[in-house]
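J.: Predicted model follows, preceded by the sequence.
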Amino acid sequence: MPNRNRSYPKQRCHIVLVPGFGGFDALGRVNYYAGITRLFQDWMQSHRQADAVLHYFDNLPTAAVVTRAERLRKYLAKRMARGEMRDHENIILVGHSTGGLDIRQLIWDLGKLGTREVLVDGGSPIRADRIRRCIRAAVFLSVPHWGTNIADWVYQRAPLRTTIVADLRAAFAGSQVCLLDRLEAGFASGAAELTNANVLLALRDALTEANDDGSNNASRIADAEEAASELQLYFRQMATDFHVIDDLTPEPHPNEPSPAHFGLRQREEELEYWEKPRHIRTLSYATVGGRAFQFRSGSPAPRFNLTNPFDELEVLRACGTSRDTDISYRLCYRACAGGPLTPPQGAGEISRVLGPRPPEPLELWDNDGIVNTVSMLWPLGENVLVQADHLDIVGHFELTPVPNGRHARGNGLPRQYESYDTLRSAPKFKATTFAAVWNEIFCFAAMPDIYRPLRTGAHKAVAVAG
């Protein structure tokens, strides 16, 4: 509200981090966006004139994009109804992976809703166009704007997916027994050493954290019960609603259409919603991992078939450019390389490279382990190419031990790590590049007048094959 001189208070910038597939803010102490708060604190310290607030949005893990976008719309409406976000302030949405599609669906829905109201907090009304006017910019991180081949690979293997989710729920149920938890923890640690896969260490930490270790520490017991309830709900949601896979495939399926499946006319209409009533600035980061395999230039890669012994051998052996990668990255990279994705019509161009230049030309089969890179090129604003895997860009690029004294102690095993190199790709993603990306994002979001893009790679354009 204006003061007596009819001027508004200082304009704050609300940066909302939207998670991707498996979306959560934190499961126990496993954070989706790892290390971002520390970078934000450092950035605010060096830019004291900025007035920004960092928000973490907690979404559903595997629900359809339209469901996730509705949840995001209600989240923003609730913040506005409570006065946490005001009409004269700016909202900047940052979406990683599927979170970027949630943002696109949100803008589409707000455009369609117009002046209709969103009811929150027991019936408090917030008009859709009021939310839309506050959204001033969006940042896309590794977003599959035209879908990704690995989603098609998972979609074709529904029984395998169901079995994995059921096994995770069973592992969680077993984690409530202290002895079984210790056995599972030992198994996960040993498997991680054998395969060099940090994802198993993350699973071990999550199970350990949800276990009541038998101590009399009331705070530890409460933390364990909270972590247990979060994991139980998380796996239940995955088991009951996995429609997001339908929304991430390059080809549409007979259900509610996803922004990844919009045709040319729908994409033209969609871009109009990004321009009116107020232009939404955009900044996109396209990630490309090191080539775990080499396929013919200018041609699509053959589809990955796990029942083919030659394909299995190709993933298992670690040689050449894949020598320094783990099996989880090689498996995901290979599944993502081949599939139905075609060169996207209407995709944007790469504006610049941040960090080392990747191999050229950029191929249709190039990916970051989860999303094909050419699918990340949004038609508006800058497209910045970064050599990184899918989870490097959100802080999971190194195994970071919990500082001494900060983890829970007791009879059970304590959490050991704060972040994980979940997809161990090569070449190694650097902490300096991670900081550079997020310093750019904060400046783009909160101080657009002084935002200056970094050019750390060569300035020539990046060639794209075919």
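T.: Yep, it's here.

J.: Using the record's assignment, carve this protein into domains.
T.: Described in terms of automatic domain parsing, the domain architecture of the chain consists of the residue ranges 10-150+245-404+416-466, 158-243+405-415.

J.: from those domains, which stretch is densest packed?
T.: Counting by mean count of other CB atoms under 10 Å, domain 10-150+245-404+416-466 has the highest mean neighbour count of the domains of the chain, with a mean of 19. Just so you know, the C-beta spots here come from the backbone N, C-alpha and C atoms, and that holds for glycine as well.

J.: Dump the domains of the chain to a markdown table, plus mean pLDDT.
T.: Putting the domains of the chain into a markdown table (pLDDT from 0 to 100) gives the following:
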| stretch | mean pLDDT |
| --- | --- |
| domain 10-150+245-404+416-466 | 90 |
| domain 158-243+405-415 | 60 |
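
J.: other SSEs contacting the helix or strand that contains residue 153?
T.: Under the criterion of DSSP states H and E, residue 153 resides in helix 149-155. Helices and strands in packing contact with helix 149-155 are listed as helix 244-248, helix 327-337; criterion 3 or more CB pairs under 8 Å, 6 or more residues apart in numbering; DSSP states H and E.

J.: Could you export the ones you listed as TSV, including distance to residue 42?
T.: As requested, those are exported to TSV (distance: least, CB to CB, whole Å):
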stretch	distance to residue 42
helix 244-248	34
helix 327-337	29
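
J.: Of all these, which one is nearest residue 422?
T.: Residue 422 lies closest, by CB to CB, to one member of the helices and strands packed on helix 149-155: helix 327-337, at 7.3 Å.

J.: Show the secondary-structure elements that the closest one is packed against.
T.: Based on contacts counted as 3+ CB pairs under 8 Å, 6+ apart, the elements that helix 327-337 packs against are helix 149-155, helix 309-316.

J.: got the contact list for residue 132?
T.: With contact set as CB atoms under 8 Å, 6 or more residues apart in numbering, residue 132 has these partners: 107, 110-111, 277-278.

J.: Next one: it from residue 95, what distance?
T.: Remark: distance between residue 132 and residue 95 (CB to CB, to the nearest Å) = 16 Å.

J.: excluding its backbone neighbours, what's nearest residue 125?
T.: Among residues not flanking residue 125 along the chain, residue 117 sits closest, at 4.1 Å (CB to CB, 6 or more residues apart in numbering).

J.: Now do the contacts for that neighbour.
T.: By CB under 8 Å, 6+ apart, the contact set of residue 117 is 125-128.

J.: same question, residue 401
T.: 416-418.

J.: From the rest of the structure, what touches the host helix or strand of residue 79?
T.: Counting by DSSP H and E, the element that carries residue 79 is helix 65-81. Outside of helix 65-81, the residues within contact range by CB under 8 Å, 6+ apart are 14, 16, 18, 23, 55, 57, 59-60, 63, 85-87, 91, 98, 101-103, 105-106, 109-110, 118, 120-121, 124, 126, 128, 130-131, 134, 241, 243-244, 247, 256, 258-260.

J.: the helices in the protein, which residues?
T.: Listed in chain order, the helices of the chain (DSSP state H) span residues 36-46, 65-81, 98-113, 128-134, 149-155, 158-174, 178-195, 198-209, 218-240, 244-248, 264-275, 309-316, 327-337, 431-446.

J.: follow-up on the earlier one: figure out how far the helix holding residue 153 is from the centre of its chain.
T.: 17 Å (CA atoms, centre = their mean, to the nearest Å).

J.: Output that helix as CSV, nothing but the C-alphas.
T.: The C-alpha atoms that make up helix 149-155 are tabulated as CSV, following Å, rounded to 0.1, in the frame of the first residue of the first chain:
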residue,chain,number,x,y,z
ASN,A,149,14.1,-39.3,-25.0
ILE,A,150,14.7,-40.8,-21.6
ALA,A,151,11.1,-40.1,-20.7
ASP,A,152,10.0,-42.2,-23.7
TRP,A,153,12.4,-44.9,-22.6
VAL,A,154,10.8,-45.0,-19.1
TYR,A,155,7.3,-44.6,-20.5
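
J.: contacts for it?
T.: 144, 161, 245-246, 248-251, 253, 303-304, 332, 335-341, 367, 370-372.

J.: Can you give me the buried ones in it?
T.: Within helix 149-155, the residues that count as buried by 16 or more other CB atoms under 10 Å are 149-155.

J.: Residue 355 reaches residue 428, doesn't it?
T.: No. Applying CB atoms under 8 Å, one finds residue 355 not in contact with residue 428, separated by 11.3 Å.

J.: For the stretch 351-466 of the chain, which segments count as strands?
T.: Listed in chain order, the strands of the stretch 351-466 of the chain (DSSP state E, counting those that start in this stretch) span 352-354, 382-387, 400-401, 417-419.

J.: how about CSV for the ones you listed, with distance to residue 440 added?
T.: As requested, those are exported to CSV (distance: least, CB to CB, whole Å):
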stretch, distance to residue 440
strand 352-354, 8
strand 382-387, 8
strand 400-401, 22
strand 417-419, 21
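
J.: does residue 248 really touch residue 144, like I thought?
T.: Yes. Under the criterion of CB under 8 Å, residue 248 makes contact with residue 144 at 5.9 Å.
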